[in-house]
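J.: only geometry, no sequence info:
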């Protein structure tokens, strides 16, 4: 009897721990919609690993370039207003970044007041997931 009681208690304890961890994770990571909005230049997703909160570049306001200075000419352009040639230019930069650079690059883009073309935002989000910063 005491062995089965201990097993029931352990099972209940594990269940409670799993539920608490899931709830904590939901609170510390942005929802997919929040993350997409954050990557698009909207409000911060609130995730514990958000590129806006925890970029590798800890110095506020410092801009790091990734051989992408030419993108600065798009400052102020809306994410939906890019031509196919302009999107191709952005895509070349996005796809040539090393996986470890994506978070810092997105931070740089935001600091430079640039908007990633809307058609490339899912690719950027996926690259951030590859860095395991977005669930």
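T.: Structure received. In this text, all values refer to a predicted model and were calculated from it rather than measured experimentally.

J.: and after the helix or strand bottoming out on mean pLDDT in the chain, which helix or strand comes next?
T.: In the chain, no helix or strand scores lower on mean pLDDT, DSSP states H and E than helix 51-54, which sits at a mean of 51. Where DSSP states H and E defines the elements, the next helix or strand beyond helix 51-54 is helix 84-96.

J.: Could you tell me the phi and psi values at residue 65?
T.: Dihedral angles of residue 65 (phi, psi; degrees, to the nearest 10) stand at phi -100, psi 150.

J.: which residues touch it?
T.: residue 108 (C-beta atoms under 8 Å, 6 or more residues apart in numbering). Where C-beta positions appear, they are placed from N, C-alpha and C, glycine not excepted.

J.: mind checking pLDDT for it?
T.: pLDDT recorded at residue 65 is 89.

J.: try the one 5 residues further on
T.: At residue 70, the predicted lDDT confidence score is 94.

J.: Then residue 31?
T.: Taking residue 31 on its own, its pLDDT is 58.

J.: Residue 104: which element?
T.: Counting by DSSP H and E, residue 104 is part of helix 102-111.

J.: and the angle for that helix with helix 84-96?
T.: 140 degrees (axes from the mean of the first three to the mean of the last three C-alpha atoms, to 10 degrees).
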